[in-house]
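Engineer: Quick one, structure for this:
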Amino acid sequence: MNLSTIQEVAAKVKKNIQKVVIGKEEQIDQLLVAFISSGHVLLEDVPGTGKTLLAKAMAKSLACSFKRIQFTPDLLPSDVTGIHFYNQKQGEFEFRPGPIFSNIVLADEINRATPRTQSSLLECMEERQTTIDGETHLLDRPFMVIATQNPVENQGTFPLPEAQLDRFLLKINVGYPSKEEGIDILMRFKDHSPLEEITAVVSREEIIAAQNLYSSIFVSGDILDYIMTIVEKTRTHPSIALGISPRGSQALLKAVQVYAILKGRDYVSPDDVKAMVKPVLGHRLIIHSMMKAKNERVDTIIDELLNAIPVPTEKELMKGLHQR
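Structural biologist: Residues are numbered from 1 along each chain as shown. Below you'll find the model as predicted:
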């Protein structure tokens, strides 16, 4: 497999998802960026905008195992990871794996579960393993958590802590469709759901090969410097209480590499960095409470940072390309 093959694989999955999801091309690209780079995604928006539908369409397009977990206040960590139960016939304890032992896990309404249950995902998302009763179980590749949450509901919810938000490579806001897209949705779903008709278009082996190869895409020293300048500015900005950690800068690098491939290039450009900054870094930034009171938004702060930082020129990028 080469970089052009990764682009073909992503195009097949995207086309399949678009049989179900109207519009949302940017959000689908971001979802593919996370999956190919072995990252996790937090889908956030108001109820009914298609968060779960997008996640299910993605899962059905891949020849991988899929499980959905409905997060509720009474959900226990063992309901996610699994338990050891006593088998009376065998006269011994056996391990019954939970839904986390799947290639793609949909954590629906993740902020409805208690912090104790939410934390059961931390080890799984970061280390691709889970420890149950002192025994460590490795998770199969590929492994991806797609979590959804509704920002407008406060009663009976438990906001995700910063440490867990940092585990998500991207945070994607789905958004409302346009009027024309809304009409297409009504027509497409009038008689039946097209989700029932789509099938897998990419094999597990192709996915793993893509995940092993994407990091070979060329990133010039100027782009690395550009990324780190953005990261360092978040650590010194007066409106930001907590800037981007090294994990966040690594996440941005992974995302821009895959995004460049999806756009048909074998090198990363400044536009790739700009396209990925908000979905990768936005949920990792914590702004001062005083700035929140003034309704200052993270997106606005990021725009200010990007406008103030010099962008590598095409001449510098071409020089780096010729030297590789």
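Engineer: going forward, measure contacts and count neighbours with C-alpha atoms only.
Structural biologist: Fine.
Engineer: So which residue is smack in the middle of this protein?
Structural biologist: Against the mean C-alpha coordinate of the chain, by CA atoms, centre = their mean, the closest residue is residue 41 at 2.2 Å.
Engineer: I'd assumed residue 172 was in contact with that residue.
Structural biologist: Yes: in this structure, residue 41 is within contact of residue 172 by CA atoms under 8 Å, at 7.2 Å.
Engineer: which residues of this protein fall in strands?
Structural biologist: For the chain, applying DSSP state E gives strands covering 41-44, 66-70, 82-87, 92-97, 104-108, 129-132, 135-138, 144-149, 170-173, 240-242, 286-287.
Engineer: Mind putting these into JSON lines with mean pLDDT and distance to residue 27?
Structural biologist: Below are these laid out as JSON lines (pLDDT from 0 to 100; distance: least, CA to CA, whole Å):
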{"stretch": "strand 41-44", "mean pLDDT": "93", "distance to residue 27": "9"}
{"stretch": "strand 66-70", "mean pLDDT": "94", "distance to residue 27": "20"}
{"stretch": "strand 82-87", "mean pLDDT": "85", "distance to residue 27": "32"}
{"stretch": "strand 92-97", "mean pLDDT": "86", "distance to residue 27": "32"}
{"stretch": "strand 104-108", "mean pLDDT": "94", "distance to residue 27": "17"}
{"stretch": "strand 129-132", "mean pLDDT": "90", "distance to residue 27": "28"}
{"stretch": "strand 135-138", "mean pLDDT": "90", "distance to residue 27": "30"}
{"stretch": "strand 144-149", "mean pLDDT": "93", "distance to residue 27": "13"}
{"stretch": "strand 170-173", "mean pLDDT": "93", "distance to residue 27": "7"}
{"stretch": "strand 240-242", "mean pLDDT": "88", "distance to residue 27": "26"}
{"stretch": "strand 286-287", "mean pLDDT": "86", "distance to residue 27": "23"}
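Engineer: Residue 270 and residue 213: what is the separation?
Structural biologist: According to CA to CA, to the nearest Å, residue 270 and residue 213 sit 21 Å apart.
Engineer: show me where pLDDT drops low in the protein?
Structural biologist: Applying pLDDT under 70 to the chain picks out residues 1, 152-154, 290-296, 314-324.
Engineer: Setting aside sequence neighbours, what's the nearest residue to residue 262?
Structural biologist: Distances taken as CA to CA, 6 or more residues apart in numbering place residue 7 nearest to residue 262, at 5.4 Å, with adjacent residues excluded.
Engineer: Count the residues that sit near the one you found.
Structural biologist: 19 (other CA atoms under 10 Å).
Engineer: Sweet, I'm off.
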